[in-house]
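Peer 1: Based on what follows, work out the 3D shape:
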Amino acid sequence: MDVLRQFPRPATHTGSGMLANTCQRSGFQFSPRKFNIGIIRKSSFEAVKSRNPFARIGAAATVEVLDVKVDSNVETTVDVLSCPICYKPLIRKGPSGLNMSFVSRSGFQCENCKKAYSTRDVYIDLTVTVGSSEYDEYRPPATELFRNPLVSFIYERGWRQSFAIRGFPGPDEEFKMAQNYLEPAAGGLLIDASCGSGLFSRRFAKCGLYSGVVALDFSENMLHQCYEFIKQDKALSTVNLALVRADISRLPFTAGSVDAVHAGAALHCWPSPSSAVAEISRVLRPGGVFVATTFVLSGILDSDIMKPLRQAMQATTTTSYLTERELKDLCKTCGLVDYSCIRRRAFVMISARKPE
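Peer 2: Model (predicted):
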């Protein structure tokens, strides 16, 4: 029995023969290219129309096709999500799509590792250690801080607003700035990494420019808070928005499968920024975009003579505040090109892309 992998996107179907998709907001038109391999039929989509005449966008990544035996009574698909251990695409039983309702009614399994993954209340846990009964790992204080339910609750109720003192422009303006960088990814899959309570995930999902949005965070309580905000907005009940718990240094996506990664005010909290950006570079498709905001060091702390002091400070604190030069070098070291930034006091928004 052939099974068609349908990549979720906010689109309408036109025509009666070969399937065609048109994004209602952006005007993208998608035509499927079909491949029959074994018992799974795979379809990949390529954008043929863009508001940006210089962009040719692959809206979905090609995924490895596995020889999976299918129960004729249950829909089984090769999913956009992958195993965090081996990075093979997960086999999904249940309704396809990134909509939270569909994800919650689905079961996921890695055919390679034979490990099953299921939703936990409101999100799917795709961390390596999920399911372990005895083993646990030490996490840096910055990571544990945001797993605290109180911090999750106050994040959008005063915590994030306080960033304005350091130069952050406010969520609405920051979202517009990010969208300018993310324009080449319109029609594709976007990951909002370290999404917190979903401050920007909700905006990305509602704008209608992406085929799917994954709100991804390591904090269980942040994802619960994100879900509470989503429930309050009826417009988000049917959009392609999924909540995923994952490690920023072990993203559950195959290489070259993601069109854009956004990380708002998060990079300075990552245990290893180099491991995280390298992982982001791995999952981005050629031409894919990485956009992030963070706090940046300036003044005397930006000088070379102060570098040993900065490193000593970072070894004793919970955050990794970098200089603008270090951020640029970090992106270059991890294989990203066309680095650019917007600076406002301690606030910086950076952008880079995966080479074509």
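
Peer 1: Please make it C-alpha for all contacts and neighbour counts, starting now.
Peer 2: Fine.

Peer 1: Okay, the closest residue to residue 273 other than its chain neighbours and residue 150: tell me how far apart.
Peer 2: For residue 273, the nearest residue in space outside its immediate sequence neighbours is residue 267; the separation is 6.4 Å by C-alpha to C-alpha, 6 or more residues apart in numbering. For residue 267, the distance to residue 150 equals 21 Å [C-alpha to C-alpha, to the nearest Å].

Peer 1: Compare those two (neighbour count), which wins?
Peer 2: Using other C-alpha atoms under 10 Å as the criterion, residue 267 and residue 150 rank with residue 267 on top: 25 against 12.

Peer 1: quick one: the more buried one from residue 104, how far?
Peer 2: If you go by C-alpha to C-alpha, the gap between residue 267 and residue 104 works out to 29 Å.

Peer 1: likewise residue 197?
Peer 2: 19 Å.

Peer 1: likewise residue 254?
Peer 2: Computed as C-alpha to C-alpha, the residue 254 to residue 104 distance reads 21 Å.

Peer 1: Over to residue 289?
Peer 2: Noted for residue 289: a distance of 29 Å to residue 104, by C-alpha to C-alpha.

Peer 1: Among these two, which residue is more densely surrounded?
Peer 2: Under the neighbour definition other C-alpha under 10 Å, residue 289 and residue 104 were set side by side, and residue 289 has more, 28 against 20.

Peer 1: and the residue nearest to residue 273, what is it in contact with?
Peer 2: 273, 292-294, 320 (C-alpha atoms under 8 Å, 6 or more residues apart in numbering).

Peer 1: Shouldn't residue 338 be within a strand?
Peer 2: Yes: applying DSSP: H, G, I helix; E, B strand; the rest coil, one finds residue 338 inside a strand.

Peer 1: Below-threshold pLDDT in this structure: ranges please.
Peer 2: Filtered on pLDDT under 70, the chain yields the residue ranges 1-75, 120, 298-307, 309-318.

Peer 1: Which strands border the longest strand seen in it, and is each parallel or antiparallel?
Peer 2: Among the elements of type strand in the chain, defined by DSSP state E, the one spanning the most residues is strand 284-297. With DSSP bridges as the criterion, the sheet partners recorded for strand 284-297 are strand 258-263 (parallel), strand 322-323 (parallel), strand 347-353 (antiparallel).

Peer 1: Alpha carbons of it, in CSV - could you do that?
Peer 2: Written as CSV, here are the backbone C-alpha positions of strand 284-297 (Å, rounded to 0.1, in the frame of the first residue of the first chain):
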residue,chain,number,x,y,z
LEU,A,284,19.1,24.3,7.8
ARG,A,285,18.6,23.6,4.1
PRO,A,286,20.9,25.3,1.6
GLY,A,287,19.9,29.0,1.6
GLY,A,288,18.1,28.5,5.0
VAL,A,289,18.2,31.5,7.4
PHE,A,290,19.3,31.8,11.0
VAL,A,291,18.0,34.8,13.0
ALA,A,292,18.8,35.5,16.6
THR,A,293,18.7,38.2,19.2
THR,A,294,20.9,38.4,22.3
PHE,A,295,22.7,40.7,24.6
VAL,A,296,26.1,41.8,23.3
LEU,A,297,29.2,43.1,25.2
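
Peer 1: and residue 162, what does it touch?
Peer 2: Taking C-alpha under 8 Å, 6+ apart as the contact definition, residue 162 lies against nothing.

Peer 1: That one and residue 192, how far apart?
Peer 2: From residue 162 to residue 192 the distance is 21 Å (C-alpha to C-alpha).
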